[in-house]
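Participant: please find the sequence and the predicted model below.
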Amino acid sequence: MDIHRTGLRNYLLNLHLDDAVIDDLMVCFHIRRYRKNEYFAFAGERADKLGFLVSGLFFMHALRENGTVFVKDFMVNDQFILASFDPKQEAGVCIQALKDSILLESKYSDVQSVFKRYPDLGMLALRGMEKRFESLCGRLESFAGMQAKERYDIFKQTYGMIEEEIPQHLIASYIGITPTQLSRIRKHKIF
């Protein structure tokens, strides 16, 4: 088996799926390499894509009218990346590589066809997406009531092992402060 496919197969095995289901899913995916700054999805464009991040780093963001970037999340190894819940719809966010990355990529509509053949798999996938969406929404809501230092501490708990790979202005956007404020927090100054 291709070394790039091992992570996805292991992920699916951990869900206790039958080999036939896993094989049907694995056929949908092909290796796709992304260069640093290349987009997996761009807001406003149709994106019938689902990816499983083998190695690399992506971030999900929205572009505000004033041109600033609002970072919603970071995606690391062994996570799924989905451009849109409906493959016929335009992506609502941008998903961009922060460094050279390797994905196992499929048309999301092809994966949905597998879900139709295995309804239990479709329900399992839906629960996983709901859980991830709820987690993202919960984090955004909880950040609203926190001090910047607390938000940075949560970022460190979640992404501390890759912090050096993420530009400071994106970390600042993720926690809702300016890069200057982030520098002060990192230096333990009170602002």
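Facilitator: That came through, no problem. Numbers count the residues shown, from 1 in each chain.

Participant: distance from the chain centre to the helix or strand bottoming out on mean pLDDT in the chain, please.
Facilitator: Least confident helix or strand of the chain, by mean pLDDT, DSSP states H and E, is helix 119-144 with a mean of 85. Helix 119-144 sits 12 Å away from the centroid of its parent chain (C-alpha atoms, centre = their mean, to the nearest Å).

Participant: packing partners of that helix?
Facilitator: Under the contact criterion of 3 or more C-beta pairs under 8 Å, 6 or more residues apart in numbering; DSSP states H and E, helix 119-144 touches strand 69-75, helix 108-117, helix 148-159. Using the backbone N, CA and C atoms, a C-beta is placed for each residue, glycine as well.

Participant: got the angle for the helix or strand following the last one vs strand 69-75?
Facilitator: Along the chain past helix 148-159, the next helix or strand (assigned with DSSP states H and E) turns out to be helix 168-175. What separates the directions of helix 168-175 and strand 69-75 is an angle of 90 degrees, with axes from the mean of the first three to the mean of the last three C-alpha atoms, to 10 degrees.

Participant: list the buried ones in helix 168-175?
Facilitator: Neighbour-count burial for helix 168-175 flags Leu170, Ile171, Ala172, Ser173, Tyr174, Ile175 (criterion: 16 or more other C-beta atoms under 10 Å).
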